[in-house]
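Undergrad: Dropping the sequence and predicted coords here.
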Amino acid sequence: MSALFNFTSLLQVILLLICSCTYIHLNWPSLLDRNHHGVLGVFWKFARVGERASPYVSLALVFMAVEQLRS
């Protein structure tokens, strides 16, 4: 089944995108800052969410890891 049709898989993909974009933005800020308009702006927005809501993203990742270990 595709990750787009399974809600938990979709949440995992979104959380991993947020973490990946935040990591890229912290190490190479010019890569995402020059493309914050248009289609590539989605990755810039994911990086912003990761920077501003990092405690909540961290809790969601811990919860996701526990759920993965239980299943």
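TA: Good, I have the coordinates.

Undergrad: Neighbours of Val13, how many?
TA: 13 (other CB atoms under 10 Å). All C-beta atoms are positioned from the backbone trio N, CA, C, and that covers glycine.

Undergrad: ok, now Pro29?
TA: Per other CB under 10 Å, the neighbour tally for Pro29 reads 11.

Undergrad: Look up how far Phe5 lies from it.
TA: 35 Å (CB to CB, to the nearest Å).

Undergrad: Just list what the one helix or strand Leu16 maps to packs against, helices and strands only.
TA: Using DSSP states H and E, Leu16 maps to helix 7-27. For helix 7-27, the elements it packs on are helix 29-33, helix 41-52, helix 54-70, judged by 3 or more CB pairs under 8 Å, 6 or more residues apart in numbering; DSSP states H and E.

Undergrad: can you tell me the average pLDDT over it?
TA: Helix 7-27 shows a mean pLDDT of 90.

Undergrad: How about stretch 42-49?
TA: If you average the pLDDT over stretch 42-49, you get 90.

Undergrad: And that stretch, what's buried?
TA: By 16 or more other CB atoms under 10 Å, the buried positions in stretch 42-49 come out as Phe43, Trp44, Phe46, Ala47, Arg48, Val49.

Undergrad: And the nearest residue to the third one once chain neighbours are set aside, how far from Gln68?
TA: Right, Phe46. Nearest residue to Phe46, sequence neighbours excluded (CB to CB, 6 or more residues apart in numbering): Cys21, at 3.9 Å. Cys21 sits 21 Å away from Gln68, going by CB to CB.

Undergrad: how far away is Gln54 from Arg48?
TA: Gln isn't right for residue 54; it's Ser. Counting by CB to CB, the gap from Ser54 to Arg48 is 11 Å.

Undergrad: what residues are up against the most centrally placed residue in the chain?
TA: Nearest residue to the geometric centre of the chain (CA atoms, centre = their mean): Ile18, 1.5 Å. By CB atoms under 8 Å, 6 or more residues apart in numbering, the contact set of Ile18 is Phe46, Ala47, Val49, Gly50, Val57.

Undergrad: Cool, thanks, talk later.
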